[in-house]
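>>> One predicted model, sequence on top.
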Amino acid sequence: MPSRTEYLVLETKREREFVNLTERVREVVRRSGVKEGLALVSSMHITAAVFVNDNESGLLRDIAAWTDRLAPPGDYEHHRTGESNGDAHLKNLLLGHQVVLPVTSGALDLGPWEQVFYAEFDGQRPKRVLVKVVGDA
């Protein structure tokens, strides 16, 4: 069973940012040689998330506002450890830290509007995203 693991390195310009990873994930799938299988895309950071949705700027602003409403910046118990990113940890729980995507006929098999996003909530330093593709050649 062929597989491939790659680590995508990101460094966001802002503390909170959405990065479209779709084409980078497509390339990992292509290089994997997997014809039928699955691609796991996982944030390797507990203050970030990976999700699938439409690449529409209004929707992305809505998602950012929604996560801020449910996990607003503010004072958290976590901050007593010297950190200041308690809300970022909770936003990770809201959006999820990984997605599993189908690979069909050697290509990432997404719906017409589906895109893969990395959501950064505590950025401006290097971060990694794991892409692991497994399946049949």
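Received it, and whenever you're ready, just let me know what you need.

>>> looking at it, Tyr76 is touching Asp87, isn't it?
Yes - the pair Tyr76 / Asp87 is scored as a contact, 6.8 Å apart, by C-beta atoms under 8 Å. All C-beta spots, glycine's among them, are computed from the backbone N, C-alpha and C.

>>> Looking at these two, which one has more neighbours?
The residue with more neighbours, out of Tyr76 and Asp87, is Asp87; 23 against 18, by other C-beta atoms under 10 Å.

>>> Please list all residues in contact with that one.
The neighbours of Asp87, taking C-beta atoms under 8 Å, 6 or more residues apart in numbering as the test, are 68, 71-74, 76, 121.

>>> Let's see the ChimeraX selection covering just the buried ones among these.
Those of the contacts of Asp87 that count as buried under 16 or more other C-beta atoms under 10 Å are selected in ChimeraX with:
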select :71,76,121
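
>>> Okay, and which of the contacts of Asp87 map to helices?
Asp68 (DSSP state H).

>>> Could you list the low-confidence segments of this structure?
Low-confidence segments of the chain (pLDDT under 70): none present.

>>> Ramachandran angles for the residue of it most remote from its centre?
Computed with C-alpha atoms, centre = their mean, the residue of the chain farthest from its C-alpha average is Arg80, at 27.7 Å. The phi/psi pair for Arg80 (degrees, to the nearest 10) reads phi -70, psi -10.
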